[in-house]
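In: Quick one, what's the 3D model for this:
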Amino acid sequence: MRLRVFLPLLAFLFLAMAKKQPPVTVHFHVEANAQDTASFATPVTMQNPPRQAFVEKIPFLTERDIASVFPFAAEDGTMGCAFKLTEHGKFDLDAVSTDKRGKSIVAIVDGRQLVDMQIDKRVTDGIITVQRGLTPQEIALLEKKYPVLGQTKKKR
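Out: Take a look at the predicted model:
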């Protein structure tokens with residue numbers, strides 16, 4: 001009898017604790033060593049230069065680290081976006097750009113690999129840019145979720 005009383009309460013608690021999925025996911029993964037086990041790294045096909053490589057399964061930056069966006073049209077007809085990061089994201093980008101110089105960063109939006117970028121210098125400004133590959137729908141979702149750099153807030 002007690003179970004019948006607590007079961008709806010328990011179900012309500014689980015629903016309240018469930019995380020709402022973000023409208024668009026943005027993940028940045030750093031290149032890993034080929035010797036890393038399958039539980040830490042996953043194989044990917046790099047585009048620049050074309051090659052097989054491994055990236056860490058856990059992203060070092062996600063949509064939670066984004067403070068604002070700056071979308072722009074890319075040369076190939078898709079969209080690009082500069083992401084200004086939070087203080088936490090800025091720190092993580094600085095650390096990765098220092099420790100993993102020469103490796104690549106892979107940008108994945110909504111589970112789709114967009115670009116890979118080679119780390120050639122330390123990044124201290126907290127801005128990471130995806131040069132191409134975003135769709136107008138993804139840009140619209142990003143603009144809805146984050147402030148757009150250079151735009152004033154609209155009055156309601």
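
In: how far away is the residue minimising distance to the centre of the chain from residue 124?
Out: Taking Cα atoms, centre = their mean as the criterion, residue 27 is the residue nearest the geometric centre of the chain, at 2.3 Å. Shown here: residue 27 relative to residue 124, a distance of 22 Å by Cβ to Cβ, to the nearest Å. Any C-beta I mention is one placed from the backbone N, CA and C, and that applies to glycine too.

In: ok, now residue 111?
Out: Residue 111 is 30 Å from residue 124, by Cβ to Cβ.

In: neighbour count winner among the two?
Out: Each of residue 111 and residue 124 has its neighbours counted (other Cβ atoms under 10 Å); residue 124 has more, 12 against 7.

In: helices and strands of the protein: which one bottoms out on pLDDT?
Out: Sorting the helices and strands of the chain by mean pLDDT, DSSP states H and E puts helix 2-17 at the bottom, at a mean of 55.

In: How about residue 65: what's its closest non-neighbour residue?
Out: Spatial nearest neighbour of residue 65, chain neighbours left out: residue 89 (3.0 Å); criterion: Cβ to Cβ, 6 or more residues apart in numbering.

In: Is it correct that that neighbour falls within a strand?
Out: No. Assessed with DSSP: H, G, I helix; E, B strand; the rest coil, residue 89 is helix; it does not lie in a strand.

In: Quick one: the helices in this protein, in order.
Out: 2-17, 87-99, 136-145 (DSSP state H).
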